[in-house]
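Undergrad: Build the 3D model from these lines:
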Amino acid sequence: MKIALVSVAFALIIGSLVFALYFMNHNRGRSKRMAWSLAARVGLSITLFLSLLIAYRLGWIEPTGLPIGR
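TA: Next comes the predicted model:
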């Protein structure tokens, strides 16, 4: 379940970036939709980062790390 939530958040971040690229190419700066898409991406990224930090602090998730010597 945890991986699914992070995956959905990451997909929303990538989708927002794709929308910003689309608006940049089609509107040629005549509207503010590109700026709003990029602002949404930043907001989603910060929210995901803070959510992961809080979940780690509360013990809901644990880092697995990489095995040493491989």
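
Undergrad: Disregarding flanking residues, what is the spatial nearest neighbour of L38?
TA: Nearest residue to L38, sequence neighbours excluded (CB to CB, 6 or more residues apart in numbering): A20, at 4.9 Å. Yep, even glycine has a C-beta here, placed from its N, CA and C like the rest.

Undergrad: Let me know whether that neighbour touches V42 as I believe.
TA: No - contact status for A20 versus V42: not in contact, 10.6 Å apart, counting by CB atoms under 8 Å.

Undergrad: Looking at the two, which one has more neighbours?
TA: A count of neighbours by other CB atoms under 10 Å puts A20 above the other of A20 and V42, at 19 against 11.

Undergrad: Can you check the pLDDT for that one?
TA: For A20, the pLDDT comes out at 86.

Undergrad: The helix or strand hosting it: which residues count as buried?
TA: In the assignment (DSSP states H and E), A20 maps to helix 2-27. By neighbour count on 16 or more other CB atoms under 10 Å, the buried set for helix 2-27 is A9, L12, I13, S16, L17, F19, A20, F23.

Undergrad: Which secondary structure state does T64 sit in?
TA: Here T64 is recorded as coil under DSSP: H, G, I helix; E, B strand; the rest coil.
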